[in-house]
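Enquirer: Test case, fold it:
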Amino acid sequence: MSFRLVVLVSGSGTNLQALLDAAADDAFGATVVAVGADRAGIEGLARAERAGVPTFVERVDDHPDRESWDESLAERIAEHKPDLVVSAGFMKILGARVLGAFPVVNTHPALLPAFPGAHAVRDALAYGVRVTGCTVHLVDAGVDTGPVIAQETVAVREGDDEESLHERIKGVERGLLVETVGRMAREGWTVTGRAVRLGPGRAAGEAAQGPTPGRTTK
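Expert: Alright, predicted model coming up:
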């Protein structure tokens, strides 16, 4: 059986589209089995529907608190039995119920641990760096603090503003996400402390039963 992905989105879903396109090739080794969102009427959900992928929406405002939202979100994800959850522009912090049940990966437009948070590109420019980039990382309970899986650099050009730099990072980020998720599906991964190793040790298709982000493996 193909490695099963549930992808979470909040907006246009360009990273989702990159995963859908990659998954159309059997050699990729993974299938997007569902797409979830925190709001309705977004292009990310429309992309999934055009691809014939089931969708669901779990709005924070429909719950009395974030804990009950996180619990409901975990239940909706679990219905699709994912091996991996991909946060692809999902603009909500995931809670203990989701993170305790599934391995989750996320992308960030900087070379973590530098410039975490919502304004990474702006912060990198303000700091005056000459090189920034993007990171694919496992998600833990912190904000952009999970173990790094893969990174790629992007040079800051003379005259760059936040928009131009972010657009170049996004292009690199999509490719890095597809490459990393594909390797996780085909090769498996292990986590020792903060070190993530792609390759034999955690069998593809058995990810949900193995160690979860934030736990130490030996």
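
Enquirer: For the longest helix belonging to the chain, the averaged confidence score.
Expert: Longest helix in the chain by number of residues (criterion: DSSP state H): helix 162-187. Mean pLDDT, helix 162-187: 98.

Enquirer: Return the distance of that helix from the chain's centre.
Expert: Here helix 162-187 shows a centroid-to-chain-centroid distance of 10 Å under the convention Cα atoms, centre = their mean, to the nearest Å.

Enquirer: Beyond it, next helix or strand please.
Expert: Moving toward the C-terminus from helix 162-187, the next helix or strand (DSSP states H and E) is strand 189-192.

Enquirer: helices or strands next to that next one in the packing?
Expert: In terms of contacts (3 or more Cβ pairs under 8 Å, 6 or more residues apart in numbering; DSSP states H and E), strand 189-192 is packed against strand 195-198. The way it works is simple: take the backbone N, C-alpha and C, and place the C-beta from them, glycine included.

Enquirer: how about the strand it packs on as CSV, C-alpha atoms only?
Expert: Provided in CSV are the C-alpha atoms of strand 195-198 (Å, rounded to 0.1, in the frame of the first residue of the first chain):
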residue,chain,number,x,y,z
ALA,A,195,18.9,14.4,14.6
VAL,A,196,16.6,13.2,11.9
ARG,A,197,18.0,10.5,9.6
LEU,A,198,16.2,9.5,6.4
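
Enquirer: List the contacts of the residue nearest in space to the middle of the chain.
Expert: The centroid of the chain falls nearest to Asn106 when counting by Cα atoms, centre = their mean (2.7 Å). Contacts for Asn106 (Cβ atoms under 8 Å, 6 or more residues apart in numbering) come out as Val86, Ser87, Phe90, Val136, His137, Leu138, Val139, Asp144, Gly146.

Enquirer: Find the residue ranges of this protein scoring beneath the pLDDT cut-off.
Expert: Scanning the chain for pLDDT under 70 picks out 1, 201-218.

Enquirer: in it, which spans are strands?
Expert: For the chain, strands defined by DSSP state E occupy the ranges 3-9, 30-37, 55-57, 84-87, 104-108, 131-138, 148-155, 189-192, 195-198.

Enquirer: Save these as a markdown table, and put in distance to Ala96 too.
Expert: Shown next, in a markdown table, are the strands of the chain (distance: least, Cβ to Cβ, whole Å):
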| stretch | distance to Ala96 |
| --- | --- |
| strand 3-9 | 16 |
| strand 30-37 | 18 |
| strand 55-57 | 20 |
| strand 84-87 | 14 |
| strand 104-108 | 12 |
| strand 131-138 | 15 |
| strand 148-155 | 21 |
| strand 189-192 | 18 |
| strand 195-198 | 21 |
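
Enquirer: Nearest to Glu179 among these would be which one?
Expert: Among the strands of the chain, the nearest to Glu179 by Cβ to Cβ is strand 148-155 (7.3 Å).

Enquirer: In terms of secondary structure, what does that closest one contact?
Expert: Going by 3+ Cβ pairs under 8 Å, 6+ apart, strand 148-155 lies up against strand 131-138, helix 162-187, strand 195-198.

Enquirer: most tightly surrounded among those?
Expert: Ranked by mean neighbour count, the helices and strands packed on strand 148-155 are led by strand 131-138 with a mean of 22 (mean count of other Cβ atoms under 10 Å).
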